[in-house]
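[1] Sequence plus the predicted model coming up.
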Amino acid sequence: MLEKKTIPYWKQIVAILTVGWIVIWIYRTVLTPIYPIISDYFGGASNAQLGNISSFYFFGYVVMQIPSGLLVDKLGKKKILIPGFIVFGLGTALVAMSTTLPMLFAGSVLAGIGCGTFYGVAYSLTAEYVPSNKRSLATAIVNSGTAVGSGLGLVSSSYFVGKGILPWQALIWITVAFIAIMVLVFIKFIKNDYVKAAPKTIEVKEKDLGEGNTLLKQLFRPQMIAAYVLYFSTLYTYYLIDTWLPNFLETERGFEGTAIGLVSSLVFFSAIPGALIFSRIADMIPHKKVPIIIGLELMAAAMLLFMIETQSQSLVVVGIILYGFFGKLAVEPIIISWLSQFTSRKSVATTYGVFNFFGMTASVIVPSLTGKITDVAGSMIYAFYLAIGIILVGTTIFFLVNKFAKTTEAA
């Protein structure tokens, strides 16, 4: 009699986390292509007010990063993840029921707080269960949920709401149903036990961090600070694209209707092969992760500049695809994997929570700031120039800190 083969638990975890990101990113992107419709619904909201929809969500998300990381390390993943997703669902339902902008903003904050528990859980699970030689690739697969969810959110709202088939609230209620399904999946598949022993896949032991080294020192060593700066600059551009690209394509490059959502989604779908390819390369040559990270950041900045400088719609599409291929979703898994060498076995979720806190502050700033720049300057292109400058500064700091740290260690 043949034995029934079971899927390794780490592969189950990768699949579950991927779907979790899909649901989160459907919510994050479903409103951005229909900002004009949302503006009309609430009596003519300004660009700055529309940007606040995302800014309030990300404010809640960022506020939860460090507390949720500490709670995950202390109480366990399942005890934090499930309540977090329930709060996410309640906030999303409040958004769907909103009749005023303050009510919508309140729902956005609540949804962000709920989602804020997911990041630390996700990457502490991959750090714990995924074999070290597959960690970059596994992280890239998990992150591909970001691309799939973004694409689904953008395309569905552009088509169903943009064409008047469904009211915008209907897609939010569908998202609430997806959230409820994910809660049931977490209950069934995420293990209850909290592993107190050191995970074998964590590459650094406590003694490697230096005798008597505190968590605070670990979190703010030069390489970590450089990673925070780099991640902030990476996410600044990414959330500019995420929240304002559909509006840019419509108002400044002449795209119309469903094409806005389809073209915007290309930045996310083109990221999937980029993430898988570069993560695989990084796993094959782990000592070259820093040069790979720097190269991807510079290419992303170049492609973004190309995208905004051209007036041709065809070349804009090419620029969007290439930015996606080299951008945040391609470089993030490599940064996360590289970061694990500086991570204590007792504070995995806390470390990634702090890392994500500093990076995600960009997501709070960029939506409303871009709206204000557009209102004042009459064009969004200046906000893109600012984003390119931030990438270059962040990449330069990351390069110099790692070069100096390497030279110091060698000496």
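    It's in. Numbering: from 1, shown residues only.
[2] Going by neighbour count, which residues of the helix or strand of the chain with the lowest mean pLDDT are buried?
    When the helices and strands of the chain are compared on mean pLDDT, DSSP states H and E, helix 215-219 comes out lowest with a mean of 79. Going by neighbour count (16 or more other Cβ atoms under 10 Å), the buried part of helix 215-219 is L215, Q218, L219. (C-beta placed from N, C-alpha, C; glycine too.)
[3] Could you do stretch 127-136 as well?
    A127, E128, Y129, V130, S132, K134, R135, S136.
[4] With stretch 95-104 instead?
    Taking 16+ other Cβ under 10 Å as the basis for neighbour counts, the residues of stretch 95-104 that come out buried are V95, A96, S98, L101, L104.
[5] Do I have it right that the second one meets Q169?
    This points to A96. Yes - in this structure, A96 is within contact of Q169 by Cβ atoms under 8 Å, at 4.8 Å.
[6] check contacts around L101.
    Applying Cβ atoms under 8 Å, 6 or more residues apart in numbering to L101 gives the contacts F42, A45, Q49.
[7] tell me the mean pLDDT for stretch 83-94?
    When pLDDT is averaged along stretch 83-94, the result is 97.
[8] follow-up on the earlier one: could you list which of the buried residues of stretch 95-104 belong to helices?
    Taking DSSP state H, the ones among the buried residues of stretch 95-104 that sit in helices are V95, A96, L101, L104.
[9] possible to save those residues as JSON lines with distance to V348?
    As requested, these are exported to JSON lines (distance: Cβ to Cβ, whole Å):
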{"residue": "V95", "distance to V348": "32"}
{"residue": "A96", "distance to V348": "35"}
{"residue": "L101", "distance to V348": "39"}
{"residue": "L104", "distance to V348": "35"}
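[10] Which two of these have the greatest separation?
    Using Cβ to Cβ, the pair of those lying farthest apart is A96 and L101, separated by 14.5 Å.
[11] who's in contact with the residue positioned nearest the centre of the chain?
    When the chain is reduced to its mean C-alpha position, the nearest residue by Cα atoms, centre = their mean turns out to be T146, at 6.8 Å. Contact analysis of T146 by Cβ under 8 Å, 6+ apart lists W21, I22, W25, F268, A271, L329.
[12] Quick check: which element contains the first one?
    Element membership of W21 [criterion: DSSP states H and E] is helix 9-29.
[13] Export that helix to CSV, keeping only CA atoms.
    Below are the C-alpha coordinates for helix 9-29, written out as CSV (Å, rounded to 0.1, in the frame of the first residue of the first chain):
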residue,chain,number,x,y,z
TYR,A,9,5.2,22.3,6.6
TRP,A,10,7.6,25.0,5.4
LYS,A,11,6.0,24.8,1.9
GLN,A,12,2.5,25.0,3.5
ILE,A,13,3.7,28.1,5.4
VAL,A,14,5.0,29.7,2.2
ALA,A,15,1.6,29.0,0.4
ILE,A,16,-0.5,30.4,3.3
LEU,A,17,1.6,33.5,3.7
THR,A,18,1.5,34.2,0.0
VAL,A,19,-2.3,34.1,0.0
GLY,A,20,-2.3,36.3,3.1
TRP,A,21,-0.4,39.0,1.2
ILE,A,22,-2.8,38.6,-1.7
VAL,A,23,-5.7,39.5,0.5
ILE,A,24,-3.9,42.4,2.2
TRP,A,25,-2.8,43.9,-1.1
ILE,A,26,-6.2,43.6,-2.7
TYR,A,27,-7.5,45.9,0.0
ARG,A,28,-4.5,48.2,-0.3
THR,A,29,-4.9,48.8,-4.0
